[in-house]
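> Model the following, please.
(one chain, ligands or ions: 1)
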Amino acid sequence: MAVTRRNILTNADVRAQYARGVNLLKREFTGPTTSSLGIPGPSRQVSTYDLFVVWHHTAMSTMTPPSQGDRNAAHRGPVFFPWHRFMLIQLELNLQRVLEDETFGLPYWDWAADGARTPSQQRQSALWRATAVGGTGSPVRTGPFRFIADDPDSFRIRVEADADGRLIQSNRGLRRDLGVSISTLPNRADTAGALALRPYDQANWDTTSAGFRNRAEGWAAPDAPALHNRVHVWVGGDMLPSSSPNDPVFYLNHCNEDRLWEAWMARHTRTYVPAQSAPASLRGHRINDQMLAFLSAPMRPADVLDARSIYAYDSLAV
Ligand SMILES: [Cu+2]
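Below you'll find the predicted structure:
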């Protein structure tokens, strides 16, 4: 039966369960190690939560086509929405498993609602309270993902991308710089602007394309970074590099992006481009290409266009 994905700010139960599930996955070790994953330094087990960080980094570091342009196996091209939907479905399944609750649905953060407020109100949104995901800082010292110096079991960043884009080991608290690099979140005008755009994507299928995908990913708007990209930049800290799933807020942002895509499909038909007949230079982004997988069998964009048997949003008002 399909689960419901809800607004994290208006559902205290989901908020608490999400934090609990993330921390359980942070403490679950199923075998993979830094050495088996090619991460330098002493060999240590990598948690299930951190395997998703490695997966995202790997996808972002896999250029499509190889050695050309900047389109990668998860971003800057049409597969951006299907790939992140695939990732979120896998995280949701893992959260359901450790929470022993098959009705658990990932929460989303409706950032455009916060984006209507003043910059200082945006930084003081209820999301950043200790009862939600904690606040800003280096390290974050409030909430369920806070750093506690003398508690090695407190939330730690164990794998991250360095300045050269390579994964390294670390052992430190989560970092956020809310509203520092950019002072405002996207707002309803931004989401409405993206929602109205057709087609889904088009040539050159990259960060210069007109269409919904590129606008909603955040490269194309007049005030870029916009939408998804702008949220990463506004949160800052660990949300900036390819290891950005280190911050549990990553999934709240992407769940809202996925909701935006669902709203787009509800409005414009459940379709995707490019077709499989598109040139091999678009391999990895065509409707029946396998998406880069890591923790599960691969999926194709075609497999995730209609996810209504898996989950539904409580609202498509974006
Ligand atoms: Cu991503």
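> CA atoms for contacts and neighbours, from now on please.
Noted.
> Please enumerate the strands of the stretch 1-150 of the chain.
Remark: strands assigned in the stretch 1-150 of the chain by DSSP state E, counting those that start in this stretch are 3-5, 29-33, 45-47.
> Any buried residues in the longest one, and which?
Looking back up the chat, that one is strand 29-33. residue 33 (16 or more other C-alpha atoms under 10 Å).
> Check what contacts that strand and list those residues.
With contact meaning C-alpha atoms under 8 Å, 6 or more residues apart in numbering, strand 29-33 is reached by 43-48.
> Sort out which of those residues are buried, if you could.
By 16+ other C-alpha under 10 Å, the contacts of strand 29-33 give 45-48 as buried.
> Do a quick rundown of the helices in this protein.
If you assign secondary structure with DSSP state H, the helices in the chain sit at 12-26, 48-60, 80-99, 111-114, 119-123, 188-195, 212-217, 227-235, 249-268, 301-304.
> of all those, which gets the most neighbours per residue?
Ranked by mean neighbour count, those are led by helix 212-217 with a mean of 26 (mean count of other C-alpha atoms under 10 Å).
> where's it relative to the chain centroid, distance-wise?
Relative to the chain's own centre, helix 212-217 is displaced by 15 Å; criterion: C-alpha atoms, centre = their mean, to the nearest Å.
> change the start of the numbering to 34 and stick with it
In the new count, where the first residue is 34, that last one comes out as helix 245-250.
> pLDDT averaged over it, what's the number?
Averaged across helix 245-250, the pLDDT comes to 98.
> For that helix, name the packing helices and strands.
With contacts taken as 3 or more C-alpha pairs under 8 Å, 6 or more residues apart in numbering; DSSP states H and E, helix 245-250 sits against helix 113-132, helix 221-228, helix 260-268.
> need those in JSON lines with mean pLDDT, can you?
Shown next, in JSON lines, are the helices and strands packed on helix 245-250 (pLDDT from 0 to 100):
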{"stretch": "helix 113-132", "mean pLDDT": "98"}
{"stretch": "helix 221-228", "mean pLDDT": "97"}
{"stretch": "helix 260-268", "mean pLDDT": "98"}
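> export those to TSV and tack on distance to residue 194?
Putting the helices and strands packed on helix 245-250 into TSV (distance: least, C-alpha to C-alpha, whole Å) gives the following:
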stretch	distance to residue 194
helix 113-132	19
helix 221-228	30
helix 260-268	15
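> what's near enough to touch residue 107?
By C-alpha under 8 Å, 6+ apart, residue 107 lies in contact with 89, 92-93, 113, 116-117, 325.
> if we go to 6 Å?
92-93, 113, 116 (C-alpha atoms under 6 Å, 6 or more residues apart in numbering).
> out of those, who's nearest residue 229?
Relative to residue 229, the closest of those is residue 113; by C-alpha to C-alpha it sits at 18.4 Å.
> Tell me which residues touch the closest one, please.
Counting by C-alpha under 6 Å, 6+ apart, residue 113 touches residue 107.
> how does it look with 8 Å?
106-107, 246, 250.
> ok, now residue 276?
Going by C-alpha under 8 Å, 6+ apart, residue 276 touches 86-87, 89-90, 192-194.
> so can I have JSON lines of the residues you listed showing pLDDT and distance to residue 67?
Compiled in JSON lines, the contacts of residue 276 are given as follows (pLDDT from 0 to 100; distance: C-alpha to C-alpha, whole Å):
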{"residue": "86", "pLDDT": "98", "distance to residue 67": "12"}
{"residue": "87", "pLDDT": "98", "distance to residue 67": "10"}
{"residue": "89", "pLDDT": "98", "distance to residue 67": "16"}
{"residue": "90", "pLDDT": "98", "distance to residue 67": "14"}
{"residue": "192", "pLDDT": "98", "distance to residue 67": "9"}
{"residue": "193", "pLDDT": "98", "distance to residue 67": "12"}
{"residue": "194", "pLDDT": "97", "distance to residue 67": "13"}
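> No further questions, thank you.
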